[in-house]
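J.: sequence? don't have it. structure:
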């Protein structure tokens, strides 16, 4: 039995359908600036393949662009501008590296935190990632280091991974580390350090205890991984910390077993999202027909343009709007994030989804409000079952 598996007893992973896997530089970089090394990445790639065979989806957040760039050009120092240049040089090598380990097409997605703070850019990124997963590709996400200044800081990709987990509605965040998981002390310095297999909540005291320096090739220590776990927990996503260098530990993941630390989710992911939608300020309203309202409530469907009768107010793509049944008073029957702005919706209301691009000249997808961005108010809310009714789509005529 490996050291990590011996220290951390096996515990079941939470049930998951979609996960974000974060892999840091310390698991990818070769010795002495030798580029990217597949010795650990190959096992992680096999886990991703196994997950696909189980009809599960994995989104990969991968560091390593700077290490890959450093192997391509001789450059001393470690300043911010140099790291940005090295990241640019290494991006193509990083994607090629993962493509060699994957049996499906690999897609590069570069993000900054600003992409996740701006609602319209957030929706654009999420729509692209959803489509990549639908097509069966493996999205490989990295920080857009070439243009990001504030974002190139300690532990950035850990926190980026937590944000991506929320972005793609993941059920689980997996963070591969170079040690077994969280210990009560530094396992290499404290002989009395004991493994911590489960964290109910990330407290300030725990963050203080986990503070420590990053490895020579990494950009974040255990503290940043706990910070990422805390952010994911708030969004209703559990986080698993495990040793990505241990083949036995990685292989166990495919069997639904974790040898490592599990940071529990603080609430149900869907419930946390719905609570936000219920209380966020609305920028406008859509009057929908009775058939569309029934499809939303009973079948957990998305709202399509054919079900929209009237557009009220002015709003932008990504704003929260009220949904009201036409001719049935002013009470809201639901709320959601709208995929088109008010002017665009005024042009496509009542039309079939296939007509969107012909009318507007572009399209953000067939739905006006996607079922993942919708909460019904009052009565039977079948949108809570959207995870198991993924095939249900609203059709309004």
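T.: Yes, it's here. Because the structure is predicted, anything quoted here is derived from the model rather than measured.

J.: pull out the buried residues from stretch 189-203.
T.: 195, 196, 197, 199, 202 (16 or more other CB atoms under 10 Å). Heads up, the C-betas are built off the backbone N, CA and C, glycines and all.

J.: leaving out chain neighbours, which residue sits closest to the third one?
T.: In space, residue 197 comes closest to residue 8 once its chain neighbours are excluded; the distance is 5.7 Å by CB to CB, 6 or more residues apart in numbering.

J.: if we can go back for a sec, got the buried residues of stretch 189-203 as JSON lines, with distance to residue 57, pLDDT and secondary structure columns?
T.: JSON lines is the format used below for the buried residues of stretch 189-203 (distance: CB to CB, whole Å; pLDDT from 0 to 100; DSSP: H, G, I helix; E, B strand; the rest coil):
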{"residue": "195", "distance to residue 57": "30", "pLDDT": "91", "secondary structure": "strand"}
{"residue": "196", "distance to residue 57": "29", "pLDDT": "92", "secondary structure": "strand"}
{"residue": "197", "distance to residue 57": "26", "pLDDT": "95", "secondary structure": "coil"}
{"residue": "199", "distance to residue 57": "25", "pLDDT": "95", "secondary structure": "strand"}
{"residue": "202", "distance to residue 57": "26", "pLDDT": "92", "secondary structure": "coil"}
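
J.: so which of those is the closest to residue 51?
T.: residue 197 (22.4 Å; CB to CB).

J.: list the contacts for residue 230?
T.: 202, 263 (CB atoms under 8 Å, 6 or more residues apart in numbering).

J.: can you tell me how far residue 23 sits from residue 47?
T.: Residue 23 is 11 Å from residue 47, where distance means CB to CB, to the nearest Å.

J.: quick one: contacts for the residue nearest to residue 197?
T.: Counted by CB under 8 Å, 6+ apart, residue 8 has contacts 180, 181, 195, 197, 249, 258, 259, 260, 261.

J.: now residue 60
T.: Shown in contact with residue 60 (CB under 8 Å, 6+ apart): 20, 21, 23, 48, 98, 138, 139, 140, 141.

J.: confirm the fifth one sits in a helix?
T.: In other words, residue 98. Yes: with the criterion set as DSSP: H, G, I helix; E, B strand; the rest coil, the secondary structure at residue 98 is a helix.

J.: does it touch residue 137 like I think?
T.: No: the criterion here is CB atoms under 8 Å, and residue 98 misses it with residue 137 at 11.4 Å.

J.: who has more neighbours, these two?
T.: A direct count of neighbours by other CB atoms under 10 Å for residue 98 and residue 137 places residue 98 higher, at 23 against 15.

J.: tell me the spacing between the more buried one and residue 177.
T.: In terms of CB to CB, residue 98 sits 19 Å off from residue 177.

J.: cool, residue 73 as well?
T.: In this view, residue 73 and residue 177 are 29 Å apart by CB to CB.

J.: with neighbour numbers in mind, choose between these two.
T.: The residue with more neighbours, out of residue 73 and residue 177, is residue 177; 27 against 10, by other CB under 10 Å.

J.: can you pull the contacts of the more buried one?
T.: So residue 177 contacts 24, 222, 225, 241, 242, 243, 244 (CB under 8 Å, 6+ apart).

J.: burial check on the second one, number of neighbours?
T.: Using other CB under 10 Å as the criterion, residue 222 is surrounded by 25 other residues.

J.: does residue 66 really touch residue 86, like I thought?
T.: Yes: Residue 66 lies in contact with residue 86 (CB under 8 Å); the separation is 4.7 Å.

J.: ok, back up a step: and the contacts of residue 8 as a markdown table, adding secondary structure and distance to residue 373?
T.: Below are the contacts of residue 8 laid out as a markdown table (DSSP: H, G, I helix; E, B strand; the rest coil; distance: CB to CB, whole Å):
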| residue | secondary structure | distance to residue 373 |
| --- | --- | --- |
| 180 | coil | 38 |
| 181 | coil | 34 |
| 195 | strand | 39 |
| 197 | coil | 35 |
| 249 | helix | 36 |
| 258 | strand | 31 |
| 259 | coil | 36 |
| 260 | strand | 32 |
| 261 | strand | 32 |
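
J.: now those as JSON lines including distance to residue 323?
T.: As requested, the contacts of residue 8 are exported to JSON lines (distance: CB to CB, whole Å):
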{"residue": "180", "distance to residue 323": "48"}
{"residue": "181", "distance to residue 323": "44"}
{"residue": "195", "distance to residue 323": "49"}
{"residue": "197", "distance to residue 323": "44"}
{"residue": "249", "distance to residue 323": "46"}
{"residue": "258", "distance to residue 323": "40"}
{"residue": "259", "distance to residue 323": "46"}
{"residue": "260", "distance to residue 323": "43"}
{"residue": "261", "distance to residue 323": "41"}
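
J.: the more surrounded of residue 23 and residue 47?
T.: Per other CB under 10 Å, whichever of residue 23 and residue 47 has more neighbours is residue 23, with 25 against 20.

J.: wait, that one touches residue 61, no?
T.: Yes: between residue 23 and residue 61 there is a contact under CB under 8 Å: 7.3 Å.

J.: now do stretch 299-319: distance from first to last residue.
T.: End-to-end distance for stretch 299-319: 24 Å, by CA to CA, to the nearest Å.

J.: buried stuff in that stretch?
T.: 299-309, 311, 315, 317-319.

J.: could you check how far residue 14 is from residue 258?
T.: Per CB to CB, residue 14 is found 9 Å from residue 258.

J.: those two: which has the busier surroundings?
T.: residue 258 (26 against 16).

J.: who does the more buried one bridge with?
T.: With DSSP bridges applied, residue 258 shows beta-bridge pairing to residue 11.

J.: so how far is residue 105 from it?
T.: 29 Å.

J.: then residue 324?
T.: Per CB to CB, residue 324 is found 43 Å from residue 105.

J.: what do you get for residue 47?
T.: 18 Å.

J.: check residue 350 too.
T.: 37 Å.

J.: quick one: which of these two has more around it?
T.: residue 350 (14 against 11).

J.: since that was my last question, I'll sign off now.
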